[in-house]
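J.: What shape does this take:
(chains A and B)
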Amino acid sequence: MRDIQQFISKTVSDAVIEQKQKFTVTVAPEQAYSLIKALHDNEELPFDYLISLTGMDWEDKLGVIYLLSSSGDLSKEIVVITATEDRDNPLLYSVTDIYETAHLNEREAYAMFGIRFINNPDMRRFLLSDDWKGFPLRKDYDGNPGLNPITIVNKEIVDIAPRIMEDAKGNLIESTVKVFEDDDYIVNIGPQHPSTHGVMHFRTALNGEIVKKIDVKSGYIHRGIEKLCESLTYPQILHFTDRLDYLSANINRHALCMCVEKAVGIEVPPRAEYIRVIMDELNRISSHLLAFAAHCNDLGATTAFIYGMREREHILDIFDKTCGGRLIINQDVIGGVMFDIYTDFQKDVKAFIPYMRDKLKEYDDFFSHNPIVLRRMIGVGNLSFTDAVSYGVTGPAGRGSGWSCDVRKYKPYSLYDRIEFKEVIRTEGDSYARYLNRLDEIEVSLQIIEQLIDNIPEGNIVGTVKPVLRLPEGQYFQSVETGKGEFGVFIESKGDKHPYRVKFRSPSLSAVSVMPLICKNELLSDFIGIGGSMDYVIPDIDR
Amino acid sequence: MNYKQPLELNGLLLQLDLFLRGNLPPFWASLIEGLLILIAVLAAYAVIALILIYAERKVTAFFQARLGPNRVGKYGFIQSIADMIKILIKEIIHINRVDRFLFYAAPFFVICASVMAFGAIPFGQGLQAVDFNIGIVYVLAVSSLGIIGVLLAGWSSNNKYSMIGAMRSGAQFISYELSAAFALMTIVVMTGTMQLSEIVENQRYAWNIFNGHIPAIVAFVIYLISGHAETNRAPFDLPEAEGELTAGYHTEYSGMQFGFYYLAEYLNMFIIAAIATTVFLGGWMPIQIKGMDAFNQIMWYIPSYVWFIGKTAVLVFISLWVRWSFPRLRIDLLLNLEWKYLLPINLVNILIMVLIVLAGWTLTDLFPILFGN
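T.: Numbering: from 1, shown residues only, chains lettered A, B, ... in the order given. Below you'll find the model as predicted:
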């Protein structure tokens, strides 16, 4: 990192470089773009992966925290912070032309903080309706319900996007741009639609049956979780993570627990770590099974859908017996786990492993080589390596494009540095690669469980935790590998018992943001199939 | 050779006919018979639909490791009836911006086409409402009327999903109609008649599928595929692909209007299977072996309508099996399958059949002692 330090000082002379939990660089708004561009283009270690873009309100300033990483080595991370003091008309430079994933994230930052990004081609609010009054995540937001009354009248969707562009001379020009052309045949896929896997709204312009353009609208189940977190104590915000990507509920929760534990310095007993990882892997299998099932259902194969659900039921039964929950299991708590495993836990899990292997073979025989399946998946929805990195598509989908992006390998947490497992990578980048990746990862998860299940140490399940937790002042990051990809937690603390700001990095948001790209010029049926292969969960996006 | 047929219904029907004609002027006798047949056909239509729905749900459940309906009645037997009552009393939701006349007329096209084709099927010895001398052409003609209802529904619903569904359906139906017709024509070439009763009669000792061996088997397979496609069921359910178009052309329909589409879909599945049975598998004719009178007599003890229903049920089961095993085709794959594979194969197949008939290579011509009528 010393080289990088020199590199940054050379590029931007007055950058403030600190070594906090992560390597942190603070720069002025005008220089942020050129610094990020230089980091991205630097040949030695290109920081070409924008993990998260977090809007911030420090009361005196409004700003953005960029967490950058390198696609070649995810363990290298840089935090870039920039902020403006202008609260009435905060303007920052967009990094959309460097990282495509920034587009939706910047629109979200605009909706939540009112920060507008110069040169972002489409500056509509994301997650909130166009006429929302106020910026909810600002500290001085007026939450009076009278300001934004609930309407029971239909609102027409306005397909005109404002934007603010800089011309060659450096003048800022405000303009609007039409999202669709006047004679486009637009079909609303969602928000109430069986194949959007939640309340997602794709405005789709069709040319015959061929998808011409997709506009992503989200926020139909936005619950303001990040705002809610700011008024609750750390143990109280744990359960929100379960309700983001509810299919990887336990893994999300693991991330938040670890983030707090690392910040406070809580030791987690080994027994709890084992239970956590086993539960995580079971959770991952169930998530992949549901992804397989839903993908098959999207392709019209209802029987395969039921098969996936049938196997998943066994995992849910194990969860049920352990802690009473089936989908959202509330297992992890700060310092350990809430429930110890039950007497026959090991027996049940060991019985499940050969059963699951048997069924994986059945999927292979029944579905994976069906000629219709092959025709509908191979070469459909091609996502190149460069695009996967630029859009930040991680998880099985990113690994289907040849990107080695398993957080468990690069930033090992919990027990993962002690476990042997293979990272499943395919280079085809099509729906079929993503589909096979998930099935193969189920097998990898089974192997991980096999290594742990007989060695669960005796001891406590919760470490010593103070009744009132106060995180020391600072910024804390934690990433984990969920069923969908890299899930991140960011906490900024002012030393209080409440977090000052919490941000969740959602893998599904990246998966959805890449949909317009990979579905372009595909048939409508394939758009649905590709959606299934990307496996996104909407509450994870809406937060 | 006359065999005893204790359970056949044609004697009973003959008695009824004689009774009516003996006591009434010919016009009234015909009218009453016509009405009775109408009632019988409609009742059979409804009852077969109910049975099919129940059977499909149970068979599907079996394929999908589920139980299927098991609450209403023993093994859920009366689930279908409960569903029927529910759909009959359901409110029909009136949609504001539809083309009213066409919207309400569309389901009737579908159901009428289906009932008309249903009426021409020979269910058993003497159990056929109309026996045209061009029976096959008639069945093909009326069953293709149904597409009008689908297109009208899609157009008049004023809904984009419906519209796309209807357009897909149009393309699909017209394509596969060709294959289905050509497959049946292959058999017409062999039998030399289009009358369904004669076709059945001709298959006394050799079913058409065996009689015409290679081209007949090819025609049978093509007919099953294209017939399956015509019924809009998976993997050919693009017009109503629920994952893509919510419900395709009938998205906006509710209550019994939707019920008509649902009913017609199930009955079309049955009609396709019934025609395949009649044309390829000997129809209601029991299995008979020339010269083995004892065996034949035993076979004749089983009434002809049971034979018919049995053979049809096997084909319906195959249709369900396909439906629940395959994912949905995409529109380009679907049209490729028809225009690039099925249709050329079909045309060549007819030619081969013509050659076989001319050269006298059908089984009845080759082995008249075993199979000749």
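
J.: and the stretch 301-450 of chain A, which residues reach chain B?
T.: Neighbours of chain B within the stretch 301-450 of chain A, by C-beta under 8 Å from any C-beta of the partner chain: A:301-304, A:306-307, A:310, A:366-367, A:370, A:372-373, A:375-376. The way it works is simple: take the backbone N, C-alpha and C, and place the C-beta from them, glycine included.

J.: packing partners for whichever helix in chain A runs longest?
T.: Looking across chain A with DSSP state H, the single longest helix is helix A:270-298. If contacts are counted by 3 or more C-beta pairs under 8 Å, 6 or more residues apart in numbering or on different chains; DSSP states H and E, helix A:270-298 sits against helix A:249-264, helix A:302-323, strand A:336-337, helix A:345-363, helix A:431-453, helix A:524-534.

J.: so can I have JSON lines of these showing mean neighbour count?
T.: Output for the helices and strands packed on helix A:270-298, formatted as JSON lines (neighbours: other C-beta atoms under 10 Å in any protein chain shown):
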{"stretch": "helix A:249-264", "mean neighbour count": "25"}
{"stretch": "helix A:302-323", "mean neighbour count": "19"}
{"stretch": "strand A:336-337", "mean neighbour count": "26"}
{"stretch": "helix A:345-363", "mean neighbour count": "15"}
{"stretch": "helix A:431-453", "mean neighbour count": "21"}
{"stretch": "helix A:524-534", "mean neighbour count": "27"}
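
J.: quick one: the strands in the stretch 351-500 of chain A?
T.: A:474-481, A:486-493 (DSSP state E, counting those that start in this stretch).

J.: Now do the contacts for the residue of the stretch 51-200 of chain B found nearest chain A.
T.: Closest to chain A within the stretch 51-200 of chain B is B:Gln64: 4.1 Å, counting by C-beta to the nearest C-beta. With contacts defined as C-beta atoms under 8 Å, 6 or more residues apart in numbering or on different chains, B:Gln64 is in contact with A:302-303, A:306-307, B:324.

J.: picking that back up, the longest helix of chain A to helix A:302-323, inter-axis angle?
T.: On the basis of axes from the mean of the first three to the mean of the last three C-alpha atoms, to 10 degrees, helix A:270-298 is oriented at 160 degrees to helix A:302-323.

J.: now helix A:270-298 and helix A:431-453, what's the angle there?
T.: Going by the same axes, to 10 degrees, helix A:270-298 makes 160 degrees with helix A:431-453.

J.: Can I get the helices and strands packed on helix A:270-298 in TSV including mean pLDDT and distance to A:Val199?
T.: Listed next are the helices and strands packed on helix A:270-298 as TSV, based on pLDDT from 0 to 100; distance: least, C-beta to C-beta, whole Å:
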stretch	mean pLDDT	distance to A:Val199
helix A:249-264	90	19
helix A:302-323	89	20
strand A:336-337	87	32
helix A:345-363	90	29
helix A:431-453	91	23
helix A:524-534	87	14
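
J.: Can you add distance to A:Pro499 and give these back as CSV?
T.: Output for the helices and strands packed on helix A:270-298, formatted as CSV (distance: least, C-beta to C-beta, whole Å):
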stretch, distance to A:Pro499
helix A:249-264, 9
helix A:302-323, 25
strand A:336-337, 21
helix A:345-363, 34
helix A:431-453, 31
helix A:524-534, 31
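
J.: before we move on, back to that, okay, buried residues for the longest helix of chain A please.
T.: Neighbour-count burial for helix A:270-298 flags A:271-298 (criterion: 16 or more other C-beta atoms under 10 Å in any protein chain shown).

J.: And stretch B:14-30, by the same measure?
T.: B:20, B:29.

J.: go on, stretch A:221-239?
T.: Of the residues in stretch A:221-239, those buried (16+ other C-beta under 10 Å) are A:221-222, A:224-227, A:229-230, A:232, A:234-235, A:237-238.

J.: ok, how many other residues are close to residue 248?
T.: In the absence of a named chain, chain A is used. 31 (other C-beta atoms under 10 Å in any protein chain shown).

J.: I was after chain B.
T.: Number of residues near B:Gly248 (other C-beta under 10 Å) recorded here: 27.

J.: nearest residue to it other than its sequence neighbours?
T.: Once flanking residues are discounted, B:Gly248 sits nearest to B:Gly165: 2.8 Å by C-beta to C-beta, 6 or more residues apart in numbering or on different chains.

J.: helix/strand/coil for the one you found?
T.: Taken by DSSP: H, G, I helix; E, B strand; the rest coil, the conformation at B:Gly165 corresponds to helix.

J.: Need the buried residues of stretch A:221-239 in TSV (columns: pLDDT and secondary structure).
T.: Output for these, formatted as TSV (pLDDT from 0 to 100; DSSP: H, G, I helix; E, B strand; the rest coil):
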residue	pLDDT	secondary structure
A:Ile221	87	coil
A:His222	88	coil
A:Gly224	87	coil
A:Ile225	90	helix
A:Glu226	89	helix
A:Lys227	89	helix
A:Cys229	89	helix
A:Glu230	89	coil
A:Leu232	90	coil
A:Tyr234	89	helix
A:Pro235	88	helix
A:Ile237	90	helix
A:Leu238	88	helix
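
J.: Poorly predicted segments of the stretch 101-250 of chain B, please.
T.: Residues of the stretch 101-250 of chain B meeting the criterion pLDDT under 70: B:239, B:241-243.
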